[in-house]
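**Student:** let's see this in three dimensions:
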Amino acid sequence: MLACDINPQAVANTLENAARNGIENVDVIESDIFSNIPPGRTFDIIFWNYPWNFVPAKFEFIDDLERGAFDPGYGQLERFLAEAQAFLTEGGKILLGFGINARDDLLERIVAANDLRSVIVRWGPGRNIDLTYRLFSIRRSATAYGFRSSGALI
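**Tutor:** Residues are numbered from 1 along each chain as shown. Sure, this is the predicted structure:
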């Protein structure tokens with residue numbers, strides 16, 4: 001298992017939690033999305049608890065807390081979905097955490113632009129908070145694997 005975060009404090013926290021819970025089969029690295037993931041490394045599942053709050057593309061972060069909550073112009077999401085496919089095994093999938101107040105229209109556009117398909121696999125309110133959270137499963141489309149419609153219905 002590989003865990004990564006752009007925030008060095010989150011990396012340190014993950015390492016501490018793994019040690020505290022006796023988890024030894026995890027590597028933890030600092031990485032801006034896939035920038036430090038070793039080339040050729042592939043995964044059956046890539047999970048991202050995405051910072052789904054949309055702000056204009058020219059938004060400037062004040063601190064790391066904002067960086068973990070906002071995605072200016074959904075540029076991070078575009079980059080993530082464009083790069084993720086190179087790190088998926090054949091038949092692998094992306095699990096994306098996405099809030100109910102997120103921009104579904106932009107998610108659908110970005111998914112389609114990358115020849116991917118998405119489906120909500122779970123949704124509901126979080127514990128002790130008034131926020132509905134959704135978990136999307138995102139996979140390559142049939143056309144991404146080279147399948148084309150024959151035009152005939154069976």
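**Student:** which residue ranges make up the domains of this structure?
**Tutor:** 1-31, 43-145 (automatic domain parsing).
**Student:** in CSV: these, plus mean neighbour count and distance to Ile37.
**Tutor:** Where C-beta positions appear, they are placed from N, C-alpha and C, glycine not excepted. Below are those laid out as CSV (neighbours: other CB atoms under 10 Å; distance: least, CB to CB, whole Å):
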stretch, mean neighbour count, distance to Ile37
domain 1-31, 13, 6
domain 43-145, 15, 6
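**Student:** out of everything not next to it in sequence, what's closest to Ser31?
**Tutor:** Take Ser31 and drop its neighbours on the chain: the residue closest to it by CB to CB, 6 or more residues apart in numbering is Cys4, 4.0 Å away.
**Student:** coming back round to it: least reliable of the domains of the chain going by mean pLDDT?
**Tutor:** Note on the domains of the chain: lowest mean pLDDT is at domain 43-145, with a mean of 88.
**Student:** quick one, phi psi at the residue nearest to Ser31?
**Tutor:** Per-residue torsions, Cys4: phi -140, psi 160 (degrees, to the nearest 10).
**Student:** now do Asp115
**Tutor:** Residue torsions, per degrees, to the nearest 10, at Asp115 are phi 60, psi 50.
**Student:** and the gap between it and Pro39?
**Tutor:** According to CB to CB, to the nearest Å, Asp115 stands 22 Å off from Pro39.
**Student:** now do stretch 49-69: distance to the chain's middle.
**Tutor:** Offset of stretch 49-69 from its chain centre (CA atoms, centre = their mean, to the nearest Å): 15 Å.
**Student:** which outside residues touch the longest helix along the chain?
**Tutor:** Of all segments of type helix in the chain, defined using DSSP state H, the longest is helix 8-20. Residues from elsewhere that reach helix 8-20 (CB atoms under 8 Å, 6 or more residues apart in numbering): 3-5, 23-24, 26, 28-30, 64.
**Student:** kindly report the same for stretch 107-125.
**Tutor:** So stretch 107-125 is contacted by 74, 77-78, 81-82, 85, 94-96, 98, 100, 131-141, 143-144 (CB under 8 Å, 6+ apart).
**Student:** need the distance between the two termini of stretch 17-33.
**Tutor:** For stretch 17-33, the first-to-last residue distance is 21 Å (CA to CA, to the nearest Å).
**Student:** ok now the longest helix of the chain, how far from the chain's centre?
**Tutor:** 20 Å.
**Student:** who are the packing partners of the longest strand along the chain?
**Tutor:** Counting by DSSP state E, the longest strand found in the chain is strand 88-99. Contacts defined by 3 or more CB pairs under 8 Å, 6 or more residues apart in numbering; DSSP states H and E place strand 88-99 against strand 43-49, strand 116-125, strand 132-140.
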